[in-house]
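Q: Take a look and give me a structure for this.
(one chain, ligands or ions: 1)
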Amino acid sequence: MQNEQLVKDLQAILGSAKVLSEKLDLLSYSYDSSFMARNNRFVPDVVITPTSTEEVSKVMKYAFNNNISVTPRGAGSGETCGSLAIQGGIVMDLATWDTIEEIDAENMQVQMRPGVIHAELNKRLAEYGLFFPPDPGSSQMCTVGGMVANNSSGLRAVKYGTTEQYVLGLEVVLPNGEVIVTGGVNCRAIKNVSGLNLTKLFVGSEGTLGIITKIRLRLWPKPKARGILMAVFNDLEQAPQAVLDVYKGGILPSGIEILDSSAIKAVNEYKPDINLPNAEAILLYELDGNPASVKWEGEEVSRIVGLLAANVEWSTDPQRMSELWQGRAVTATAAARVREDGSRIFAGEDISIPLNKVTESLKKIKEIGKKYGIGVVNYGHIGDGNVHTAPVINPEDPEEVKLGAALADEIHLLAIAMGGVTTGEHGVGAVRSQYARKEHGAALDVMQSIKRTLDPKNIMNPGKLLPEEGNKHGTSTSSGS
Ligand SMILES: Cc1cc2nc3c(=O)[nH]c(=O)nc-3n(C[C@H](O)[C@H](O)[C@H](O)COP(=O)(O)OP(=O)(O)OC[C@H]3O[C@@H](n4cnc5c(N)ncnc54)[C@H](O)[C@@H]3O)c2cc1C
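A: Sure thing, here's the model as predicted:
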């Protein structure tokens, strides 16, 4: 179909104001933060901004009947090309549809449309003493719809889990335009074991099975107190032990973060006034809860970790906590500055590995970096084994771009070999589907058949999450990383 006709048809469904087709508009929707998007432009044919279930349903019926691809998009803050129309077609931008429909404080639930920004939601919930705990670093921009579609989380996943633990039900427009509600029509119960769990099927489906148009979340009471503990280690091996020992001591911090020597060096070069101690590793523990329990836990964690660490500092003073946290807060930015002509690339950047393999993995990643002559800065959520790696290359140098892709491939394969997964946070998108067979085995066939059933014409975000059918073995080539 000619673009002109496509635009006209969509204007007839939605009105002109909700259909963007100017070249500049389309270009603005052609990239995200991924390495793959850095080297390619995925320009959609048209962008639309629907703001009702009826509009979404009408567009999906039209797309289904005319075999047109549709890629849903929240804030476009993803790292995997997830919200990019890599096969062209329609980008459906849901970010402007940002109504919080109901805060049901008595049942500790909230119901909203997909475009609500995460930080805004928590600001509103704080008025009721409630919060939605998953906390991606992109909180100020990402949408709750994007979080549900990506099953996003952040540094507090150790204690609070990921988005999936909070989703009670969804309204979803299927690829053929049909509208369903998962989790029970009108159901407000917090516990629900009735029927197949379709809610979980759509959480983390990365926009490949339908458009999420309404979200019902359960909420938690907002903790009243918080404290930060910084521990410095002269031996990297001690870091995972210091995590385990705290768990064995019966304490579950809200987050446990690691900076290895590469991250410490990057932070000190970027902001010398932060002046982190030169060490093999620094761990930051965050504890939250009621004031008395946080005080006791802080003292207990200091005692336990103090048996291994060279130095430990614990604080509940807001000013000191923010000073202790500074190094972690700037790590991602600092990584990009370790080379004057370098940029941090988002490739092989969020593997998730078993806790007892963290040290070995960090060492191996350093070796892989050396092999390719690429500096890699390591940090992340050691509390749940979700390691962030930040390869730094000159993206203008085609040779380095190739090496960067090969390095990312090795990091992904390392994660699988260690009994982990290629992504603990950022998702699969277009850049990790090549590992699906290795990661899921025969379960991949079941995933493919679910996709075929719900989306028989493969119009819903094609080229994402699952490898193209017929590729029985998957590949480990570095293309796309
Ligand atoms: C600085 C920075 C820090 C980050 N930190 C984290 C982190 O700590 N943890 C983490 O998990 N991620 C993180 N991310 C990645 C990303 O921001 C999150 O996964 C985020 O939740 C994506 O939300 P979004 O609204 O930007 O979605 P998008 O990027 O627009 O979309 C993400 C995926 O969801 C699909 N989608 C979006 N909306 C819908 C919908 N309504 N229905 C169906 N499918 C939909 C898209 O098709 C795409 O596949 C970070 C990104 C940046 C740039």
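Q: Quick one: name the residues of the stretch 301-450 of the chain near the ligand.
A: Within the stretch 301-450 of the chain, the residues that sit near the ligand (CB under 6 Å from any ligand atom) are 425-426. In this view, the C-beta of every residue, glycine as well, is placed from N, C-alpha and C.
Q: tell me the helices in the stretch 301-450 of the chain, going along the chain?
A: 318-335, 358-372, 398-417, 436-440, 443-454 (DSSP state H, counting those that start in this stretch).
Q: do the same with the stretch 51-200 of the chain
A: Using DSSP H, counting those that start in this stretch, helices in the stretch 51-200 of the chain cover 53-66, 118-126, 144-150, 157-160, 198-202.
Q: so does the first one get close to the ligand?
A: This means helix 53-66. No. Shown here: helix 53-66 not in contact with the ligand (CB under 6 Å from any ligand atom), separated by at least 9.0 Å.
Q: got it, and the third one?
A: Yes. Figure legend: helix 144-150 in contact with the ligand (CB under 6 Å from any ligand atom); contacting residues 145-147, 149-150.
Q: which residues touch the residue of the stretch 301-450 of the chain at minimum distance from the ligand?
A: In the stretch 301-450 of the chain, the residue that lies nearest the ligand is residue 425 (3.7 Å; CB to the nearest ligand atom). Residue 425 makes contact with 136, 152-154, 350, 352, 386 under the criterion CB atoms under 8 Å, 6 or more residues apart in numbering.
Q: Compare those residues and tell me which is most surrounded.
A: Compared across those, residue 152 has the highest neighbour count, 28 neighbours, by other CB atoms under 10 Å.
Q: Tell me where the model's unsure across the stretch 201-350 of the chain.
A: For the stretch 201-350 of the chain, not a single residue meets the criterion pLDDT under 70.
Q: Name the SS class of whichever residue of it sits closest to the ligand, please.
A: Nearest residue of the stretch 201-350 of the chain to the ligand, counting by CB to the nearest ligand atom: residue 207, 2.8 Å away. Look at residue 207: counting by DSSP: H, G, I helix; E, B strand; the rest coil, its state is coil.
Q: Just give the number of residues close to it.
A: The number of residues near residue 207, taken as other CB under 10 Å, comes to 27.
Q: quick one: it and residue 462, what's the gap?
A: Per CB to CB, to the nearest Å, residue 207 is found 10 Å from residue 462.
Q: before we move on, what about residue 254?
A: From residue 254 over to residue 462 (counting by CB to CB), the distance is 38 Å.
Q: May I have the phi/psi pair for residue 204?
A: Main-chain torsions, residue 204, degrees, to the nearest 10: phi 80, psi 10.
Q: What count of nearby residues applies to it?
A: 19.
Q: these two touch, right, the residue of the stretch 201-350 of the chain closest to the ligand and residue 81?
A: No. Applying CB atoms under 8 Å, one finds residue 207 not in contact with residue 81, separated by 11.4 Å.
Q: ok, the closest residue to residue 77 other than its chain neighbours - how many residues close by?
A: Nearest residue to residue 77, sequence neighbours excluded (CB to CB, 6 or more residues apart in numbering): residue 138, at 4.4 Å. Per other CB under 10 Å, the neighbour tally for residue 138 reads 21.
Q: so residue 138 touches residue 75, yeah?
A: Yes. The pair residue 138 and residue 75 qualifies as a contact (CB under 8 Å) at a distance of 7.3 Å.
Q: The stretch 1-150 of the chain against the ligand: which residues are in contact?
A: Applying CB under 6 Å from any ligand atom, we find that the stretch 1-150 of the chain lies next to the ligand at 33, 71-79, 82-83, 94, 114, 136-138, 142-143, 145-147, 149-150.
Q: Now, of the residues you listed, which are buried?
A: Neighbour-count burial within those applies to 33, 71-79, 82-83, 94, 114, 136, 138, 142-143, 145-147, 149-150; the criterion is 16 or more other CB atoms under 10 Å.
Q: wait, does the host helix or strand of residue 256 make contact with the ligand?
A: Per DSSP states H and E, residue 256 falls inside strand 255-260. No. Strand 255-260 lies out of reach of the ligand by CB under 6 Å from any ligand atom, never closer than 10.9 Å.
Q: most neighbours per residue, which of the helices of the stretch 51-200 of the chain?
A: helix 144-150 (a mean of 30; mean count of other CB atoms under 10 Å).
Q: Can you give the distance of that helix from its chain's centre?
A: 9 Å (CA atoms, centre = their mean, to the nearest Å).
Q: what comes into contact with it?
A: Contacts for helix 144-150 (CB under 8 Å, 6+ apart): 72-75, 77-78, 82-83, 94, 112-118, 121, 132, 134, 136, 152, 163, 167, 170, 202-207, 212, 215, 217, 426-427.
Q: ok so, going back, who are the packing partners of the strand holding residue 256?
A: helix 157-160, helix 238-248, strand 281-289, helix 318-335, strand 375-381 (3 or more CB pairs under 8 Å, 6 or more residues apart in numbering; DSSP states H and E).
Q: quick one: contacts for the residue of the stretch 201-350 of the chain closest to the ligand?
A: Residue 207 touches 71-73, 82-83, 149, 460-461, 464, counting by CB under 8 Å, 6+ apart.
Q: With residue 450 instead?
A: If you count contacts by CB under 8 Å, 6+ apart, residue 450 has them with 201, 209.
Q: about what we covered before: I'd like the contacts of residue 425 laid out as CSV, including distance to residue 326.
A: Listed next are the contacts of residue 425 as CSV, based on distance: CB to CB, whole Å:
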residue, distance to residue 326
136, 20
152, 24
153, 23
154, 18
350, 22
352, 26
386, 21
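Q: from the residues you listed, which ones fall inside strands?
A: residue 386 (DSSP state E).
Q: Counting neighbours, what do you get for residue 375?
A: Residues near residue 375, counting by other CB under 10 Å: 20.
Q: Please apply the same query to residue 285.
A: Around residue 285 there are 27 residues (other CB under 10 Å).
Q: I'd say it and residue 239 touch.
A: No. The pair residue 285 / residue 239 is not scored as a contact, 11.5 Å apart, by CB under 8 Å.
Q: quick revisit: name the residues of the strand holding residue 256 that are buried.
A: 255-260.
Q: Repeat that for stretch 353-361.
A: Buried, per 16+ other CB under 10 Å, within stretch 353-361: 353, 357-361.
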